[in-house]
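Engineer: Following is a predicted model, sequence given first.
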Amino acid sequence: MQQASVREVRDNLRAYLDRAEAGEEIVVMRRGKEVARIVPPRREPKRFPDLTEFRKSIKLRGDSPLETVLKMREETRY
């Protein structure tokens, strides 16, 4: 975390914004007191893609799960 005066930030705003974009936090000071912070933007968490298309793309081999369960039930009864 870097500290900078109001004047320094005003004169070099683009550089400080570039630093914030890169992940650095800057504390803006006036007369030795903190008056503001320039912080990096919040990043959106990566979301998982919709699984509907993925499920459609999977090809089942052999019997369906329903058929497998029905066969297992039939075998255990007799």
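Structural biologist: Structure received.

Engineer: Would you mind identifying the next helix or strand past the lowest-mean-pLDDT helix or strand in the chain?
Structural biologist: Lowest mean confidence among the helices and strands of the chain (mean pLDDT, DSSP states H and E): helix 51-57, at a mean of 82. The C-terminal neighbour of helix 51-57 among helices and strands, as given by DSSP states H and E, is helix 65-77.

Engineer: buried residues in that following helix?
Structural biologist: In terms of neighbour count (16 or more other CB atoms under 10 Å), helix 65-77 has no buried residues at all. The C-beta positions use only the backbone N, C-alpha and C, and glycine is treated the same way.

Engineer: Quick one: mean pLDDT for that helix?
Structural biologist: Mean per-residue pLDDT for helix 65-77: 86.

Engineer: shaky segments in this protein?
Structural biologist: Applying pLDDT under 70 to the chain picks out residues 77-78.

Engineer: Pick out the residue nearest the middle of it.
Structural biologist: Nearest residue to the geometric centre of the chain (CA atoms, centre = their mean): Pro45, 1.5 Å.

Engineer: Distance check, it against Glu74.
Structural biologist: Distance of Pro45 to Glu74, given as CB to CB, to the nearest Å: 47 Å.

Engineer: got it, and Glu53?
Structural biologist: According to CB to CB, Glu53 and Glu74 sit 35 Å apart.

Engineer: repeat for Glu67
Structural biologist: Glu67 is 10 Å from Glu74, by CB to CB.

Engineer: and if you look at Arg37?
Structural biologist: 68 Å.
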